[in-house]
Each structure stands twice: as C-alpha cells, then as structure tokens.
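Trainee: Below is the sequence, then the predicted model.
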Amino acid sequence: MNSDMPLSIKLKKRASLLELSWSEGDVDQISEQNLRRYCACSGCRAKKQVGVELMTDNASVTDMVLMGTTGVQIKFSDGHDRGIYPWGYLRAIAKGEGEVFLND
Amino acid sequence: MAVITEQSVYVALGFIMDPFLQRDYVSLKAIETLSVVDNRVQLSLKLGYPAASMLGKITLHVKTQLQAAGFEDPEVRVVTDVVASPSQTAEGHLSGIKNIISVASGKGGVGKSTTAVNLALALHAEGASVGILDADIYGPSQRTMLGVADDVKPELVDEKYLKPVIRMGIKSMSVGYLSEEKAPMIWRGPMATRMLSQLMEQTIWGDLDYLVIDMPPGTGDIQISLAQKISVSGAVIVSTPQQVALIDARKGIEMFNKVGIPVLGIVENMATHICSNCGHEESIFGAHGAEAMAKEYQVALLGSLPLDSRIREDVDQGLPTVASDPTGPLTAAYTSLAHNVAAQLWQLNQTTPVSPEIVMLEE
Ligand SMILES: Nc1ncnc2c1ncn2[C@@H]1O[C@H](COP(=O)(O)OP(=O)(O)OP(=O)(O)O)[C@@H](O)[C@H]1O
Ligand SMILES: [Mg+2]
Ligand SMILES: [Zn+2]
C-alpha cells in the first residue's frame, strides 16, 4: 500500500550525489543537478510547461526534511525549497524516468 | 482438569478475530498482558482504535471464544489506546497529534465535508480526542456544519497562534473562521498550500488521537502538495456510486498511491435510497461499484451511507446526524465507519517501516 521507503538517504557533497539505499539492497544515485532539475513543485512544473529554463540548475542541496513516510523535502542553495520528492519519484528520476512518472 | 499454559492460550488467541480487521489478536499484537493464575486465564487486550460502544461486546466475544477453546471462566479485560502514526511530526503544535486522516474525493459535492464531520464526531463519541481542519479553500463548510455562529472567531494567542473553536467536543479550525480581510480572495497553488499548512501549524491543537482534514475537492496539485506537506497518516476516499464519481475516485486513489500516502479505504456515500413510504432500501446507481473498486485497489470499503435527507438537514442546521441522533441507524453507520477507519489506521501504524536515515556527508 505504502510505496517502500529507503533505508537511508545520503548526500555526498564532494561527489555532488544523492544516494538512496533501498530495503531490497539496491542503491540509487541522483546528481544534485538532476535533483534540482526535477523539482516537481507547482512553480517549477509551470516553468517547464511554458519552456522556461531553470536558471539555477546547478544549485546544491542545503537541507533535507522527511515529509512523514511519503517522501523528502529538499532545500537548495538557490533558496528554493518547495519541492517534495515522493520515494517513487526519486526512484524514477534515478532510472531516468522522472518525466514519465510525472506525466502518467 | 488439565493444566493451562500461557502458550496454549496464545494458540487459542491466534484464532480469535478482531471484528473490524478480521485478523487475530496475536498477529495484531493486541495482547497487553497474559497470565495464568490458579489455572485461570487473566488476559488484557489493548486495541488501537476507540470503541467505547463495542467494548462490552468484544470482551464477551473473546471470553466466549476462550471458553469454547476449553479455558474455564477466563478473566478478560479490553482497553483501547490509539497508536500514533510513524508519519506524525515531533515539532510544534502538531506534535500532540497522533494521526492525521485526510478525507478526500476526486469529484466535488460527493459528501466529503458531511462525511468528515460525522466521522470526527463518531470517533469522539467512541472515546477519542478529535479535531477537524476545514482545508477547503474553495468553499469552507465546517462553520455551518458545526453550527459556529458568524461572529465567533478563533481566539488569538501571542498574536500568532490560534485556539481552535470547540463544538460538540471536537476542536475545529477552518479557513472560513479567518476574518474576511485576512482571507485572500484567490488562493493559488503554492500559496494555498503554504497558507493551509500555516493555519494548521499555528493552531494550538493540543493532544489529539485524530485530526480529520476536510480536503478541497479534486486531486490536483494543491491537494497533493497539501497532503504531503501536512504528513497525512492515511486517506479516506469518498465517492458516490455514479460512474463519473467512481472514475474520479479512482484517480484519487492512484494519486495518493503515487505520492506514497496510504489509502485507508473508500466510503460510498448516497449509495442507497430508503423509501420513506415502505422503508425499502434500494441502490440508486447500481450496487457494488465502490466495493469492486476497493477490491481492485486492495483497500477496504470503510462504510456505506444512504442518501437520506436527514443527513443533509442535520449538517445544514449545524448539528450533524451523529450529534443530533446519537442512537439512530444513520449514526450507527457513521460509527461503523469510524471503527473501520481507526482500525485500518491501527493496522497500518503497526506495519509502517521506520523512517529512513538522512545523512549529509562532506566527502
Ligand atoms: N448521505 C447523504 N444523504 C443526503 N444528503 C447528503 C449526504 N451526504 C451529503 N449530502 C448533501 O450533499 C451536499 C454535498 O455534501 P458535502 O458538502 O458534504 O460535499 P463535499 O464533497 O464536501 O462538497 P465540496 O466538494 O463542495 O466540498 C450537501 O448538501 C450535503 O448536505
Ligand atoms: Mg466540502
Ligand atoms: Zn520547485
């Protein structure tokens, strides 16, 4: 019923990677850049709709806050903190299927 | 007489089913204490849902079952204690809230607000401490449904926090309580979410077993981000039996699934019509639509409410059916809904895995 939670979420600053370890034993990695790019808050989605590039694609992660059992809110160095990333969405981004996840 | 061991009692309890979950008390981890004194069973069961009106029945049921299994004159005690959801926050004014139940629907006008307020009152009547948040930015209705007079405003504390308005034993907060000057005319996406989560966080809820949220209609961005932002423990989907409503309810379930918010089940509202002349109950739009959908998505059918003008009249008058007719059959239906919702939450709260660890590494 509840999509599975990761065991841990690690931000590796030097490598600029977010690493998610899942209970099945597999590990997913997402670059900070992709994380920012895939922010699916209504503001960022609206920008994408009209084809406006995010000016802050290179923003790094400053903080992560668990949103209950459903996902994580990620705050970026550009001050943007609206995006909440459900676990399923993070998995999809790592697989390069973020777009698909949002659209169906 | 055979010597009784605790082990043999455990085995027997493994066959006694909880009436709302159809699961046995051992697997539900409901055994608080169990001992055998002078060859007599002494059992205390702890249930994770409020069930004041059912305690006698449940106690008797367990006793009878134990006797049937050969244990003479067992001493059975049943207590209830609502378990906190693992998704509950530990901060601020929300820290005393054990569970947040979101009452949502795909389509508008299917009876979310009516269901939400009666569910809240029924949970309270069964012994829980309950609050209700009217999050419907398009058309708040709880002021009317709870019979809160137009001039009543929530009391401001420290110029920043709001005391909920208490009616019929439940605490309430609503967008509709805010003064007209403060309530913006147009609420949009992120702004609406932010305002609502602020309204919720600035309310001094105190200790609550359940906070019921009357959601705005639809399953768009606002609804999703709101549900995520406020860490909903479980969602209850209200639908009417018409095809269009069912299709939208389906979208609602899929949306919650996608963002990982557990769906507790479906409530079928205005499902049947009871003929006022002969008392015959009849399905309005073909039966079992919601039931089939619940099966398909492996969620519970939590309750079914008839189309009955008394339900409408009662909320219109500010005294919902559960409060106005506490012993009537409609209230019994809402009480059963409350039991099912609370029991599903209990089960869920026991199974939800622990939160992931968040680590920020410099290297
Ligand atoms: N079981 C019922 N029997 C009769 N009338 C009902 C029943 N449930 C709800 N109603 C009536 O249907 C109307 C819509 O109900 P309600 O306002 O609860 O729906 P809603 O889903 O909250 O609507 P909205 O989407 O506008 O918020 C109200 O007039 C209400 O009194
Ligand atoms: Mg409503
Ligand atoms: Zn964003």
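Mentor: Okay, I see it. Not measured: the values here are computed from a predicted model. Ligands and ions are numbered 1, 2, ... in the order given.
Trainee: What's the per-residue pLDDT of the residue in chain A that ligand 1 sits nearest to here?
Mentor: Nearest residue of chain A to ligand 1: A:Ser42, at 20.6 Å (C-beta to the nearest ligand atom). Yep, even glycine has a C-beta here, placed from its N, CA and C like the rest. Per-residue confidence (pLDDT) for A:Ser42: 74.
Trainee: Next: A:Glu97.
Mentor: 89.
Trainee: Kindly report the same for B:Glu254.
Mentor: 86.
Trainee: what's in contact with the strand or helix carrying it?
Mentor: Here B:Glu254 sits within helix B:243-258, counting by DSSP states H and E. By C-beta atoms under 8 Å, 6 or more residues apart in numbering or on different chains, the surrounding residues in contact with helix B:243-258 are A:1, A:3, A:86, A:88, A:101, B:104-107, B:110, B:219, B:223-224, B:227, B:235, B:237-239, B:262-263, B:266, B:285, B:289-290, B:293, B:297, B:299.
Trainee: Keep only those of those that are in helices.
Mentor: The members of the contacts of helix B:243-258 that map onto helices under DSSP state H are A:Gly88, A:Phe101, B:Gln223, B:Ile224, B:Ala227, B:Gly289, B:Ala290, B:Met293.
Trainee: on that earlier part again, PyMOL command for the buried members of the contacts of helix B:243-258?
Mentor: To isolate the buried ones among the contacts of helix B:243-258 in PyMOL, judged by 16 or more other C-beta atoms under 10 Å in any protein chain shown, type:
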select buried, (chain A and resi 1+3+86+88+101) or (chain B and resi 104+105+106+107+110+219+223+224+227+235+237+238+239+262+263+266+289+290+293+297+299)
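Trainee: Within the helices and strands, which one has B:Gln65?
Mentor: helix B:55-68.
Trainee: Give me the buried positions along that helix.
Mentor: Result for helix B:55-68 [16+ other C-beta under 10 Å]: buried residues B:Leu55, B:Ile58, B:His61, B:Val62, B:Lys63, B:Gln65, B:Leu66.
Trainee: for that helix, packing partners?
Mentor: Helices and strands touching helix B:55-68, by 3 or more C-beta pairs under 8 Å, 6 or more residues apart in numbering or on different chains; DSSP states H and E, are helix B:6-13, strand B:40-47, strand B:75-80.
Trainee: quick one: the helix or strand of chain A with the lowest mean pLDDT near ligand 3?
Mentor: Every helix and strand of chain A was ranked by mean pLDDT, DSSP states H and E. The lowest is helix A:42-49, at a mean of 75. Yes. Using C-beta under 5 Å from the ion, we find that helix A:42-49 touches ligand 3 at A:Cys44.
Trainee: Next SSE downstream of that helix?
Mentor: Following helix A:42-49 in sequence, per DSSP H and E, is strand A:61-67.
Trainee: taking the mean pLDDT, what do you get for the helix or strand that that next one is followed by?
Mentor: Per DSSP H and E, the first helix or strand lying C-terminal to strand A:61-67 is strand A:71-76. Mean pLDDT, computed over strand A:71-76, is 90.
Trainee: quick one: which helix or strand includes the residue nearest to B:Leu21 when sequence neighbours are not counted?
Mentor: The shortest distance from B:Leu21 to any non-neighbouring residue, by C-beta to C-beta, 6 or more residues apart in numbering or on different chains, is to B:Ala343 (5.2 Å). Element membership for B:Ala343 (DSSP H and E) is helix B:329-351.
Trainee: Could I get the full set of strands for the stretch 1-150 of chain B?
Mentor: Along the stretch 1-150 of chain B, the segments classed as strands by DSSP state E, counting those that start in this stretch run B:31-37, B:40-47, B:75-80, B:97-104, B:130-134.
Trainee: any idea how far the residue nearest the centre of chain A is from A:Ser16?
Mentor: Computing the C-alpha centroid of chain A and ranking residues by C-alpha atoms, centre = their mean puts A:Leu35 first, at 4.3 Å. Separation of A:Leu35 from A:Ser16 (C-beta to C-beta, to the nearest Å): 10 Å.
Trainee: And B:Val83, by the same measure?
Mentor: For B:Val83, the distance to A:Ser16 - C-beta to C-beta - is 40 Å.
Trainee: Comparing these two, which residue is more hemmed in?
Mentor: Neighbour count, other C-beta atoms under 10 Å in any protein chain shown: between B:Val83 and A:Ser16, B:Val83 has more, with 20 against 14.
Trainee: Give the residue spans of the chain that score low on pLDDT.
Mentor: Defaulting to chain A. A:1-3, A:52-57, A:104 (pLDDT under 70).
Trainee: hmm, I had chain B in mind actually
Mentor: Ranges of chain B meeting pLDDT under 70: B:1, B:89-91, B:179-190, B:221-222, B:273-287, B:352-354, B:363.
Trainee: Got the domain ranges for it?
Mentor: Split into domains by automatic domain parsing, chain B comes to B:6-80, B:92-351.
Trainee: Closest residue of chain B to ligand 2?
Mentor: Closest residue of chain B to ligand 2, C-beta to the ion: B:Ser113 (3.3 Å).
Trainee: count of neighbours near that residue?
Mentor: 25.
Trainee: Nearest residue to it in space, please, no chain neighbours.
Mentor: B:Ser141 (4.4 Å).
Trainee: so that neighbour touches B:Ala135, yeah?
Mentor: No. Judged on C-beta atoms under 8 Å, B:Ser141 makes no contact with B:Ala135 at a distance of 11.1 Å.
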